[in-house]
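Engineer: Sequence first, predicted coordinates after that:
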Amino acid sequence: MKKTIVIMTALVAVFLGSAWVAAQGERGNARNGQAIYEQHCLRCHGLTLEGNGPDSRYLIVAPANLQSRRSRAKTDWELLVAITHGVIFSPMHGWRDRLTDEQILDVLSYIRMMAPFDAVS
Ligand code: HEC
């Protein structure tokens with residue numbers, strides 16, 4: 001009985017794990033993401049994603065340069081957490097109350113299209 005529970009738990013873990021990996025791989029629709037980016041993110045992160053949008057000069061904490069080696073070395077998951085929950089002590093608030101999960105994946109997809117993941121950094 002105990003063994004069955006252990007096996008069942010392991011199966012559920014594998015299942016959830018693979019669903020998660022699939023979700024990570026799927027990302028979203030970069031074209032929709034671009035529209036969302038232009039509407040909500042461009043004013044800080046800029047047209048080229050280098051953190052030099054029109055509002056950036058008014059901020060004490062500069063927007064992240066998403067093209068930097070530092071940002072590109074971050075995993076999708078790390079960027080997703082930043083977009084969803086925001087970055088503490090910075091003007092980057094979380095977007096989960098303003099964007100749907102799908103829209104967040106779309107915008108992530110756009111970011112990764114413009115500034116692909118680069119683990120070597
Ligand atoms: C008010 C200006 C502002 C807006 C609007 C804004 N951001 Fe940010 N963003 C920032 C700042 C500031 C940081 C934190 C920089 C730091 O950590 O030094 C940041 C950090 C991030 C990071 C983390 C980057 C990293 O390397 O850790 C991501 C990803 C990001 N923003 C995406 C977005 C997306 C997507 C949107 C639009 C939905 C958005 N931001 C809107 C200012 C902004």
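Structural biologist: Structure received. Numbering: from 1, shown residues only.

Engineer: Count the residues that sit near the residue lying closest to residue 72 once chain neighbours are set aside.
Structural biologist: With sequence-adjacent residues excluded and distances taken as Cβ to Cβ, 6 or more residues apart in numbering, residue 72 is closest to residue 118, at 4.2 Å. From N, CA and C alone the C-beta is placed, and that goes for glycine too. If you count neighbours by other Cβ atoms under 10 Å, residue 118 ends up with 11.

Engineer: gap between residue 118 and residue 94?
Structural biologist: As judged by Cβ to Cβ, to the nearest Å, residue 118 and residue 94 stand 25 Å apart.

Engineer: Look up how far residue 44 lies from residue 117.
Structural biologist: According to Cβ to Cβ, residue 117 and residue 44 sit 21 Å apart.

Engineer: Counting neighbours, go ahead and name the busier of the two.
Structural biologist: residue 44 (19 against 14).

Engineer: which residues touch that one?
Structural biologist: Residues in contact with residue 44 (Cβ atoms under 8 Å, 6 or more residues apart in numbering) are 51, 53, 55-56, 59, 63, 91-92.

Engineer: so the residue nearest to residue 72 touches residue 68, yeah?
Structural biologist: No. At 10.1 Å, residue 118 does not count as touching residue 68 under the criterion of Cβ atoms under 8 Å.
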